[in-house]
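Peer 1: Structure, please.
(2 chains)
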Amino acid sequence: MYVLIIGCSESGYHLSKALIAGGHEVVVVEKNPERFQLLNEEMGSVALLGNGTDETTLKQAGISRADVVVSLTGADATNLVISQMAKHIFKVARTMALIKDPKNEPIFHEIGVDVVVNSTHLVLASLEEGVPGRPLIHLMNLRVPGMELVSISIPGDSNIISKRLGEIELPPNSFIALIIKKTGATLATGRSIVEPDDELVAVTPAGNEQILYDILTGV
Amino acid sequence: MRVLIFGCNRLSTSLVADLAKDDNHITVLGTERNCLESLAALNGVRVVLTSEPMMQDYLQEGGIDHSDVFLAMSFDDHQNILVAQIAKYIFNVPKVVCHLGSPQLQVMYAGLGLDVVGYSFGLMQDVRQAIQE
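Peer 2: Purely as a prediction, here's the structure:
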């Protein structure tokens, strides 16, 4: 696979090294001469000095034959422009972009960026996973604006223990998709019975997340 | 009309002066404090001082959900492209106009259906004409 990366922050650097190790062809476009120099010394012709929003630079990087273009610059707006250039001028099959402001995610999906990586969301998810006492984890935002996939672990004293899922009244547009038990994951049905330490994977509108959490973990 | 303008500079200042004559409700969002202060003195003009990381919140504070017209007039092409498309596709503002300085970007976004304005096209033609004369 040929992967073109625009913007070589630290994540761009580690990503390109991992991709090269995995046998992929990689070019990294970096506009900062000092950072380019470092990359060039370590990885040689993988690094290309230039502005990733400039058509000439992108052509030089062979963008038309790229399987994926990954935009990792520090500005959401610039990553949006690069993704749209890749898609509309150079007909690249897949685009991927990094964003910092979670509120920008819907517009990136709307204009057709295939994979949107929300750095704030990732940190938040790891934080929630690592901090005990709040067993609600954001897994991802769905393409439908405002809907998200969350995972909630059920404490032993929750009043839904031993109940069937069908008996539990959920907030509007929220539903349970999976039950993860120590023995493995099963599709949730109305007859599934909740046990202590189960993890429920649910789809919910962001605004109902707290209500859902309270219903599932309430004492 | 309710007009929301993104960017405070000589372009938007002239626009505001012109639009304010027709009894429009104008809100200007920008990071340029002095420019905003000079506009705030005008009748019917509201200003909101912004900073980039909280852009979306400021768009809502500026009343984007009930604006009739959105004008992305900053001198930062990428920011204009981002906010103009948010206005058009997320908030469904009926009329969105985007200022772009780069001829490459002007061609692409006009092709994608944005109403693009910018002087470089006309300028290039003018220069060519001046040479030929």
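Peer 1: Output the contacting helices and strands for the lowest-mean-pLDDT helix or strand in chain A.
Peer 2: One helix or strand of chain A scores below all others by mean pLDDT, DSSP states H and E: helix A:119-130, with a mean of 76. With contacts defined as 3 or more Cβ pairs under 8 Å, 6 or more residues apart in numbering or on different chains; DSSP states H and E, helix A:119-130 has these neighbours: strand A:136-141. In short, each C-beta sits where N, CA and C put it, glycine included.
Peer 1: Number of residues surrounding residue 45?
Peer 2: Answering for chain A, as no chain was given. 7 (other Cβ atoms under 10 Å in any protein chain shown).
Peer 1: oops, I was thinking of chain B
Peer 2: Other residues close to B:Val45 by other Cβ under 10 Å number 20.
Peer 1: what's the answer for the one 10 residues further on, then?
Peer 2: Neighbourhood size, B:Met55 [other Cβ under 10 Å]: 20.
Peer 1: which parts of the least confident helix or strand of chain A are buried?
Peer 2: A:His121, A:Ala125 (16 or more other Cβ atoms under 10 Å in any protein chain shown).
Peer 1: same question, stretch B:32-49
Peer 2: So stretch B:32-49, judged by 16+ other Cβ under 10 Å, has buried residues B:Glu32, B:Cys35, B:Leu36, B:Leu39, B:Val45, B:Arg46, B:Val47, B:Val48.
Peer 1: Reformat the residues you listed as JSON lines; add secondary structure, distance to A:Met147 and pLDDT.
Peer 2: Shown next, in JSON lines, are the buried residues of stretch B:32-49 (DSSP: H, G, I helix; E, B strand; the rest coil; distance: Cβ to Cβ, whole Å; pLDDT from 0 to 100):
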{"residue": "B:Glu32", "secondary structure": "coil", "distance to A:Met147": "37", "pLDDT": "91"}
{"residue": "B:Cys35", "secondary structure": "helix", "distance to A:Met147": "40", "pLDDT": "93"}
{"residue": "B:Leu36", "secondary structure": "helix", "distance to A:Met147": "37", "pLDDT": "94"}
{"residue": "B:Leu39", "secondary structure": "helix", "distance to A:Met147": "39", "pLDDT": "92"}
{"residue": "B:Val45", "secondary structure": "strand", "distance to A:Met147": "38", "pLDDT": "92"}
{"residue": "B:Arg46", "secondary structure": "strand", "distance to A:Met147": "34", "pLDDT": "94"}
{"residue": "B:Val47", "secondary structure": "strand", "distance to A:Met147": "35", "pLDDT": "94"}
{"residue": "B:Val48", "secondary structure": "strand", "distance to A:Met147": "30", "pLDDT": "93"}
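Peer 1: Flag the shaky bits of chain B, pLDDT-wise.
Peer 2: In the predicted model of chain B, residues B:52-54, B:121 satisfy pLDDT under 70.
Peer 1: got a list of what A:Met140 touches?
Peer 2: Shown in contact with A:Met140 (Cβ atoms under 8 Å, 6 or more residues apart in numbering or on different chains): A:His121, A:Glu148, A:Leu149.
Peer 1: Tell me how many other residues crowd residue 89.
Peer 2: In the absence of a named chain, chain A is used. 17.
Peer 1: To clarify, I was referring to chain B.
Peer 2: 15.
Peer 1: Contacts for the strand or helix carrying B:Ile81 next, please.
Peer 2: Under the criterion of DSSP states H and E, B:Ile81 resides in helix B:77-85. Outside helix B:77-85, the residues within contact range by Cβ under 8 Å, 6+ apart are A:53, A:75-78, A:80-81, A:84, A:104, A:107, A:110-111, B:6-7, B:52, B:55, B:59, B:70, B:72-74, B:96-102, B:105, B:109, B:114.
Peer 1: just to revisit the earlier point, can you list the buried residues of stretch B:32-49 in a markdown table and add distance to B:Asp65?
Peer 2: Shown next, in a markdown table, are the buried residues of stretch B:32-49 (distance: Cβ to Cβ, whole Å):
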| residue | distance to B:Asp65 |
| --- | --- |
| B:Glu32 | 24 |
| B:Cys35 | 25 |
| B:Leu36 | 22 |
| B:Leu39 | 22 |
| B:Val45 | 19 |
| B:Arg46 | 15 |
| B:Val47 | 19 |
| B:Val48 | 14 |
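Peer 1: which ones are touching A:Thr183?
Peer 2: Contacts of A:Thr183 (Cβ under 8 Å, 6+ apart): none.
Peer 1: where's it relative to A:Val27, distance?
Peer 2: Distance of A:Thr183 to A:Val27, given as Cβ to Cβ, to the nearest Å: 46 Å.
Peer 1: Up against chain B, what does chain A have?
Peer 2: A:53, A:55, A:75-78, A:80-81, A:84-85, A:88-89, A:100-101, A:103-104, A:106-107, A:110-111, A:145 (Cβ under 8 Å from any Cβ of the partner chain).
Peer 1: rerun that using 7 Å as the cut-off
Peer 2: A:55, A:75-78, A:80-81, A:85, A:88-89, A:101, A:103-104, A:106-107, A:110-111 (Cβ under 7 Å from any Cβ of the partner chain).
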